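> Predicted coordinates and the sequence they were generated for:
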Amino acid sequence: MGKFDTAATEVLYRITLDGTAETIGDVSTWGEIHFGLGRVTRDELTTHFNDLLAEAGVAAEDFPDGTFWIVNEDGYGFVDASGHADETSYRAALEDFERQWLAFDNAAV
């Protein structure tokens, strides 16, 4: 796998590359970056990202349906993803990353 902890994480990471994810952080200064993808359904994966699924060797059924995803990359380029069953916990996790990033960024000024 290399930089990705799972093949499914690779698919989620590649989805973030289109620029639609909510991005928090900076790997070059803070040492981490987080991409909030929001709710991803199996239907969306099959309809819009079937080629990515095939390239990674996974199926839409390998993803919990309707999960809210955050993709995390560290300063070494390693990538993992955290899934949240509901929007409340997803938003709380993003807000926590945002607080940490702002504290770092404000201290660096």
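The structure has been received and is ready for your questions.
> As a check, name the ranges of all helices in the protein.
Under the criterion DSSP state H, helices of the chain are mapped to 7-16, 42-56, 87-107.
> Of all those helices, which one is nearest Gly31?
Shortest distance between Gly31 and the helices of the chain, using CB to CB, is found for helix 87-107: 9.0 Å. From N, CA and C alone the C-beta is placed, and that goes for glycine too.
> how about Ala93, what does it touch?
Ile70, Ser82, His84 (CB atoms under 8 Å, 6 or more residues apart in numbering).
> Could I get the pLDDT score of it?
At Ala93, the model reports a pLDDT of 98.
> Kindly report the same for Val109.
So Val109 comes in at 67 (pLDDT).
> do the same with Thr20
Confidence for Thr20, expressed as pLDDT, is 86.
> and the nearest residue to it once chain neighbours are set aside, how far is that from Thr23?
Nearest residue to Thr20, sequence neighbours excluded (CB to CB, 6 or more residues apart in numbering): Leu37, at 7.9 Å. Counting by CB to CB, to the nearest Å, the gap between Leu37 and Thr23 amounts to 11 Å.
> more crowded one of the two?
Leu37 (20 against 14; other CB atoms under 10 Å).
> residues touching the more buried one, list them.
Contacts of Leu37 by CB under 8 Å, 6+ apart are Leu12, Ile15, Thr16, Thr20, Ala21, Phe68, Trp69, Ile70, Val71.
> re the thing from before, need the contacts of Ala93 in TSV (columns: neighbour count and pLDDT).
Converted to TSV, the contacts of Ala93 look like this (neighbours: other CB atoms under 10 Å; pLDDT from 0 to 100):
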residue	neighbour count	pLDDT
Ile70	23	98
Ser82	15	97
His84	20	98
